[in-house]
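Colleague: Pasting the sequence and the predicted model now:
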Amino acid sequence: MSTFSLRRNRTSARALAGACSLVAALAACGGGHHLAEYPFSSRTLAVVYLAPPSPELLTSYYDLRNSQNPVETVIRAGADVAREREGRRASARLDSATARIDIPAVLAQRTLQRASRYLGTRPVADENQADYLMEVRMERFGINAKADEAAYLFTYAEAVLLDRRTGREIWNVNVHGRDRLTPYVESSSPIPGSVITASTLGSVSVADFQGALNQLMDYSSTLITNELRAALRDVRDK
């Protein structure tokens, strides 16, 4: 074989290898869901809720070094102490509220109703009798009281739709839910907004926290199922 033929063969081999690598890369990046591959009408769906850790209370101190006014520094320091004290008390009330709510059952039921409506499936309680399973995992949730102007409830959750018989993942989504807990305060005053936040947290009862957690669960369920509805719309509009 001539030197030219050897070079040509090597060049062709490199080109073929490059093309194969490109195809592999495109296939790896394709990903996506498999909703179009499954029939959902008249099939059954169950929701499995994977319980989260205890609710968190997120707080933070102001950077006192940023203030050149000694009076303002004292006020800010006092505001932070007040917020931390009220935060600990609020955390105890949040724990009490959490103990009074069956979070897995409530979130599972709300998600099951909405997801079944969009998929066209029949909701069932027994996961062993379902054609499809939706696993909902709450990774983190609680109160974020870091902001000056208000405190918020938050949640990080993941939902996965599975073919129960094969275990194949059909669709998944990660969501971040955030809902206002205390009134939003806008002020040009140098007095820190945490004074308002601490005062508001101090007035939030266990019953108030129960209502807030219910709103948060409803919001989380809506976020998940709205993502599912959007994915289904893309499939059905094609």
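Modeller: Happy to help now that I have it. Numbers count the residues shown, from 1 in each chain.
Colleague: And the helices in this structure?
Modeller: In chain order, the chain shows helices spanning 3-30, 70-99, 103-119, 194-203, 206-236, with DSSP state H as the criterion.
Colleague: could you give me the average pLDDT of the fourth one?
Modeller: What it means is helix 194-203. Across helix 194-203, pLDDT averages out at 55.
Colleague: so where is the chain shaky, pLDDT-wise?
Modeller: Low-confidence regions of the chain, defined here as pLDDT under 70, cover residues 1-31, 52-53, 59-83, 148-149, 181-201.
Colleague: May I see the domains of it written out as residue ranges?
Modeller: Following the assignment in automatic domain parsing, the chain carries domains at 1-31, 35-236.
Colleague: Look up the closest residue to E127, ignoring the ones flanking it.
Modeller: Once flanking residues are discounted, E127 sits nearest to A46: 4.2 Å by CB to CB, 6 or more residues apart in numbering. Placement of C-beta: from N, CA and C, glycine included.
Colleague: beta partners of that neighbour?
Modeller: Counting by DSSP bridges, A46 forms beta bridges with L133.
Colleague: Run through the residues that contact L228.
Modeller: A115, Y118, L119, A159, L161, W171, V173 (CB atoms under 8 Å, 6 or more residues apart in numbering).
Colleague: so what's the third one up against?
Modeller: When you say that, I think you mean L119. Remark: with contacts taken as CB under 8 Å, 6+ apart, L119 is in contact with F40, L45, Y132, L228, L232.
Colleague: Tell me, how many residues neighbour the last one?
Modeller: Other residues lying near L232 total 19 when counted by other CB atoms under 10 Å.
Colleague: And it, how far from M217?
Modeller: Between L232 and M217 the distance, using CB to CB, to the nearest Å, works out to 22 Å.
Colleague: still on that earlier bit, just flag the most distant two among the contacts of L228.
Modeller: Of all pairs drawn from those, the one with the largest separation by CB to CB is L119 and V173; the distance is 14.0 Å.
Colleague: Contact partners for R114?
Modeller: S221, T222, T225.
Colleague: can we see that at 7 Å?
Modeller: When contacts are counted by CB atoms under 7 Å, 6 or more residues apart in numbering, R114 is found next to S221, T225.
Colleague: Then the one 4 residues further on?
Modeller: Taking CB under 7 Å, 6+ apart as the definition of contact, the neighbours of Y118 are T225, L228, R229, L232.
Colleague: Among the residues you listed, which one sits closest to V136?
Modeller: For the contacts of Y118, the residue nearest V136 by CB to CB is T225; the value is 10.4 Å.
Colleague: thought the closest one was touching A115?
Modeller: Yes. Judged on CB atoms under 7 Å, T225 makes contact with A115 at a distance of 5.3 Å.
Colleague: So what's the residue count around the nearest residue to L223 once chain neighbours are set aside?
Modeller: Across the structure, with CB to CB, 6+ apart as the measure, the residue nearest L223 apart from its sequence neighbours is V175 (4.2 Å). Look at V175: counted by other CB under 10 Å, it has 18 neighbours.
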